[in-house]
Every structure is written in C-alpha cells, then in structure tokens.
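Peer 1: Task: produce atomic coordinates for the following.
(2 chains)
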Amino acid sequence: MLDEKSRWTPYWQAAPLAIVFLVFFVLPLAITFMVSFWTYTGYSIEPALVGDNYASAFDKCIDSLPDLCTTFRTYLSTLKFCLMVWLITLVLGFTIAYYLVFEIKSPTTRIVLALLTTIPFWTSNVIRMISWIPLLGRNGLVNQALMGAGITHEPVDWLLYSSFSVTLSLVHINTVFMIVPILNSMSRIDKSLIEAAYDNGASAWQTIWNVIVPLSKTGIAIGSIFVITVVMGDFISIGLMGGQQIASAGKVIETQITALQFPIAAANAIVLLAAVLMIIWTLLRFVDIRKEL
Amino acid sequence: MTETRSRAFYILSAVFALYVLFLYGPTITILVLSFQGPSGGMTFPMNGVSLHWFHNLWAGIGVPNVVDALSNSLKLGIVVTIITVVISILGGYAFRRRFRGQDALFFTAIASLILPSIVVSLGIALEFQLFNQTITGWGDSLVENYVDIENPTAWTNFLGFIGSSIQDNFQTLMGLFTSGLGAHLTWTLPFGLLIMFAVFNRFNPAYEEAARDLGASPWQTFRFVVLPMILPSLIGVALFGFTLSWDEIARSSQAVGSANTLPLTLRGLTTTVTTPVIYALGTVTTAVSFAVIGTAILTLLIVQARRRRHGSDAGRGV
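Peer 2: A predicted model of the protein is given here:
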C-alpha cells in the first residue's frame, strides 16, 4: 500500500505543526535561556555571558539562611496555593466524575451534565474572576447576607483581594481540568469489577478506594499535572483576585518584564520552568500519557 | 448494582447541583448587574433596569479602544480557528503513520500545553525583540556603509535606500497577526491535535481502502469519505480554536505588541473603571462565547440528525 512517493507524506503533513511549535515555542524557550545570561540597557538587550541575572533572582538567598529570601518566600507561597488548589480540585473533580460515571445511568443525561461542567471552560477567565466582585466585595451579596443574618456587624474584608479569593477563583477555573481526565479514565472501568467488589462484600468506600481510585490513576495524574502547572505559572488570577498585592512566581516575572528587565525576567522564567519540569517529571513516574489517547 | 436510588445518589446530586451553582452563579450575577439602572452601582441592589451601560459601552466609555479590542479579538479568533483546524487535520493525518521525530513532536505539543504561559509569552516577546534589534541593526549598517559615499553606483544607492527606509519606517515585527497569532496557536494547536488523535485512533481505515478500491483519488477520499465522517470532531476543534483564542490572556499578555485583545483590555479596565459598564462588557464577551458554543452544539445536532436520515440504507431494500 505504501509506495515510494507516499513515504514522505507524513513529513509534509506534520511540517506546519512542527514549524509553528519551532518558531513560537521551542525557539522562544531557547532564546529565553540564552537571554537569561545577557545584560541589558534601558532600551535593548545585549549579548553577554553573565550569571548576574541568576544571582539577582536568588539575591541573598544563601547568606540569609535560615531566614527565607524573597524568591524562596515567593515560591513557597506559590506552592502553598498549588497544594490547596490541587487538593480541593482533586476531591471535587473526583467526586463529580464519580457521580457522572457511576450514579447517572442514562448516557444522554451524562453527556448533558458533563457538558454543563465544561461550558464555562469556553468562556472568559477574566470575566469569571470579575464575576466574584459583586459577590465578595465589601458591599457584596455575601457581606449583605452575613450582616443581614446578624453574623457580623462589620463587612468582612478578607473575602475579596485575599488568598481566599485567589484560591476560590483558581478552584473555580481549574476544577474542569480535573473532571475531564478523571471522567475519561473512570468511564473505561469495567462495571463488572464494581459488581465483583460488591459481591465480595466490599463496602462502598472500600470499592472506591481499592478499585476505582487505582483504575482512575492516569486521569488523576493528568489532571494533577494540568492544575499544578497552571497554578505554578499563574499571574492573572493571583494578580486580579489578590488585588495585585500577593506575590507569585509568575507575577515576579511579569513585574520584571514591565520594568523592561528582560534578562532578569528570563532568568526567573528559567527557574520557574525548572521547578515546573521537576513537578511534572515526578508526576509522570505514575503514568504513561500516550496510553490514554 | 442496586436498582433503587441510594442515599449516595441524593448526596452526590446535591454536591453536583452546588458545584453547578458555584460554576455559573457568579457569571449570572454580572449578567444581571450589567442591566443595572443608570444610577446603580457595582453591587446589588438593582436601581432599576436599563440598557444604559451597554449604550455607555458602545459610546466607548472614554476608553476609545474597547471597540477596537473587540474587533481585534474577533479577527484574531477567526484566523486562529481556521489555522488550528487545517494544521490539526494535517497533523492528525501525519500521526497515523510512523515518521522520524514523531515522539519529539508529540512531546513538544504536550509541553506547549502545560508549560507556564508567562514563560511562553516572555519567550516570544524576547524572540521578536531580537528580530527587531537585528533588522534595526541591518538598517543602521546599510546607511553607514552606502549612504553619502564616494563613487555611488546604482547598487549602493539601492542598498542605502533600503537602509534609510528601515530607519524611517521600521518599528516592530511584533503584532496581533505575527507574535500574537503564534502565541495563540501554541495554546490551541495541542488541543486540536489531541482531538484529532482521539478521532483517528477510532477511525476504521477500511472506509478509505474501499474508496481507493473504487477509484477515488486521495483528495476525493478525503473530501467525500473522511471529511464527512470526522466533521463533528472538526467542529469541536474549531470550537476550541475560537473560544480559547477569544479568551486567551496569559500568553497574549507580552506577545501582542501595541494592539490589545479584549481580555487584556478587560483586565486593564478592572483597575480603572468602577461602574457596571465593565459588567456590560463582560456580558457582551460572554454572549459571543455562548453564541459560538451554541452554534457548535447546534451544528453537531444537525449533523447527527442528517446522519440518521441519510445514514446507512442497509436493510431498507433500496
């Protein structure tokens, strides 16, 4: 079937894809790495081979130990958000996927409900963040309700522009990244396995923990990679919902870009990239992504 | 499994309902508040119902580029959609066969999907800054070497002309349809490719072989056999292409140059605008998203209905 001429077909078919990724992804990353060793003037970046940018990224980090320097504190705070958002989205995503796969019997209902959880993913994240303002603000609905019910007399301040609102908004936006892969893994579980567990006297919890969770492992890992990498690099949600007051690894880079300190921003980007790759590498030890497609 | 609804079903249904409320509640709130009366504020209560803030929005809210941003995002979204669909189909086809560099390309696509957007955005910005510096450098050296020199020839005049043209006219290669387009494609193409993978993993090549055996050319096989079969998934790819581009902010942030997209403008407005006009803009943006999602779902349903009517004639004695 494959004649000599068509041997080259996959190459030209893959070429546009490869070119886009080469020009707009691989080359930019390589340039970022290169520029992280450059110097800069007010209006241009100049070739050099200096470690100054990394030194400034980790300014006084070793000297001031055991106190944490700014960079370490920023990463620690970013990791804290990661952990919180990851735990909440994992529990929430798993519960919802479980409900859709094992409690909803009609396939049509399942598709409609699954679609219901996915549709917001196709709408604007910025708007989904702004949407919390009338609910959580000082005069927002939540405060009106709290004061109306006599629970507080003063409006509660920590609802908006706080760690709380950042976490809430990150969960709001990213739970879908957990639901979809877990749903995908779960719907492939042979229902007779559940029956077998049930027949052998397993309780509902035992079935979930010993049958469903291990068989959903790939979905959980893929969802976790998504959520953790998104939160690690986030600067939009943390910026908007934190009232531009909370630092994050991504926000540091954004601030430096605004100040036109490109080489320092590049050095920080490489550090962030290394941190994210380490996390992904750890998670990939649990799963082979290609098997899932 | 048990046939009667268990207690777990009701508890989980309640959890699901609360989640859906959590998901849609805030957006519905700003949809309602965007119809706030002229004297109303950014929170409840509603001071009457009006289209005041939409009029205000259309008038430009003193920020003249809102309408520009809307049209920028719309144009970019359409271009991104078309390119995403075409490149994803080609890429999907390529991956049906073995070729060298296959794994590298696959992992690059996955990496493009999950690596932090701020890093990608910065990388593209740096890349284009280097392009700009290079071109400006060429212009300067051409002018230095070929303008006002002794013994000019037609050729040196030409080079000098190019040099001074660059000096006079060149500003930046960065723009909505260069760096901005590229930034969006690094985000939409991985989704398109993954959808095409899912499609072709379940695609039976016997249909294509049958077409070939009946004398169809490769193009005819694609046009009349494969395309109709994969059409629903292509609608999915287009849906992802448009909506992801329309809402994209993290990768655009450093990479669109001076032209702003709608999400970037919206983010800027959150710090400067303190009236419900921002909700009106949110409502318009969400309405566009919903129109696109609705069109996609409707088209899918129509395609399926047509299939049922025109599908297999096996057993009908045709």
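
Peer 1: separation between A:Ser163 and A:Gln245?
Peer 2: Separation of A:Ser163 from A:Gln245 (C-beta to C-beta, to the nearest Å): 10 Å. No exception for glycine: its C-beta is placed from N, CA and C like everyone else's.

Peer 1: what sits against the closest residue to chain B within the stretch 51-200 of chain A?
Peer 2: Here the residue of the stretch 51-200 of chain A nearest chain B is A:Ser131; by C-beta to the nearest C-beta that distance is 3.4 Å. For A:Ser131, the contact set (C-beta atoms under 8 Å, 6 or more residues apart in numbering or on different chains) comprises B:26-27, B:29-30, B:282.

Peer 1: Which stretches in the stretch 1-150 of chain A count as strands?
Peer 2: Counting by DSSP state E, counting those that start in this stretch, the segments of the stretch 1-150 of chain A that form strands are A:39-40, A:45-46.

Peer 1: what packs against the first one?
Peer 2: So the one you mean is strand A:39-40. strand A:45-46, helix A:262-284 (3 or more C-beta pairs under 8 Å, 6 or more residues apart in numbering or on different chains; DSSP states H and E).

Peer 1: Quickly compare these and say which is most buried.
Peer 2: helix A:262-284 (a mean of 20; mean count of other C-beta atoms under 10 Å in any protein chain shown).

Peer 1: Let's see the pLDDT reported for A:Ile289.
Peer 2: pLDDT, A:Ile289: 63.

Peer 1: re earlier: same list (the contacts of A:Ser131) but as a markdown table, adding pLDDT.
Peer 2: Shown next, in a markdown table, are the contacts of A:Ser131 (pLDDT from 0 to 100):
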| residue | pLDDT |
| --- | --- |
| B:Pro26 | 90 |
| B:Thr27 | 90 |
| B:Thr29 | 89 |
| B:Ile30 | 88 |
| B:Gly282 | 88 |
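
Peer 1: pretty sure A:Leu159 is touching A:Gln144, no?
Peer 2: No - between A:Leu159 and A:Gln144 there is no contact, the gap being 11.6 Å when judged by C-beta atoms under 8 Å.

Peer 1: just to revisit the earlier point, contacting chain A as well, which ones from the contacts of A:Ser131?
Peer 2: B:26-27, B:29-30, B:282 (C-beta under 8 Å from any C-beta of the partner chain).

Peer 1: I'd like those residues laid out as a markdown table, including neighbour count and secondary structure.
Peer 2: Below are the ones next to chain A among the contacts of A:Ser131 laid out as a markdown table (neighbours: other C-beta atoms under 10 Å in any protein chain shown; DSSP: H, G, I helix; E, B strand; the rest coil):
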| residue | neighbour count | secondary structure |
| --- | --- | --- |
| B:Pro26 | 25 | helix |
| B:Thr27 | 19 | helix |
| B:Thr29 | 20 | helix |
| B:Ile30 | 25 | helix |
| B:Gly282 | 25 | helix |
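
Peer 1: Just put those in a markdown table and tack on distance to A:Ala55.
Peer 2: Output for these, formatted as a markdown table (distance: C-beta to C-beta, whole Å):
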| residue | distance to A:Ala55 |
| --- | --- |
| B:Pro26 | 43 |
| B:Thr27 | 45 |
| B:Thr29 | 48 |
| B:Ile30 | 45 |
| B:Gly282 | 43 |
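
Peer 1: which among the residues you listed gets closest to chain A?
Peer 2: B:Pro26 (3.4 Å).

Peer 1: pLDDT-wise, which helix or strand of the chain ranks last?
Peer 2: I'll assume chain A. strand A:45-46 (a mean of 80; mean pLDDT, DSSP states H and E).

Peer 1: The intended chain is chain B.
Peer 2: Lowest-scoring helix/strand for chain B, mean pLDDT, DSSP H and E: helix B:52-58, at a mean of 82.

Peer 1: tell me the contacts of the closest residue to the residue of the stretch 51-200 of chain A closest to chain B other than its chain neighbours?
Peer 2: Spatially, and ignoring its direct neighbours in sequence, A:Ser131 is nearest to B:Pro26 (3.4 Å; C-beta to C-beta, 6 or more residues apart in numbering or on different chains). When the contact criterion is C-beta under 8 Å, 6+ apart, the partners of B:Pro26 are A:128, A:131-132, A:135, A:172.

Peer 1: Mind putting these into CSV with pLDDT?
Peer 2: Below are the contacts of B:Pro26 laid out as CSV (pLDDT from 0 to 100):
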residue, pLDDT
A:Arg128, 90
A:Ser131, 90
A:Trp132, 91
A:Leu135, 89
A:His172, 95
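
Peer 1: any chance of those residues in TSV, with distance to B:Met196 too?
Peer 2: Formatted as TSV, the contacts of B:Pro26 follow (distance: C-beta to C-beta, whole Å):
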residue	distance to B:Met196
A:Arg128	28
A:Ser131	33
A:Trp132	36
A:Leu135	39
A:His172	30
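
Peer 1: And the residues you listed, which is closest to B:Gly215?
Peer 2: A:Arg128 (53.0 Å; C-beta to C-beta).

Peer 1: Can you report how many residues neighbour the closest residue in space to A:Ile270 that isn't next to it in sequence?
Peer 2: Excluding its sequence neighbours, the residue lying closest to A:Ile270 (C-beta to C-beta, 6+ apart) is A:Ser36, at 5.0 Å. Neighbourhood size, A:Ser36 [other C-beta atoms under 10 Å in any protein chain shown]: 23.

Peer 1: With that, I have no additional questions.
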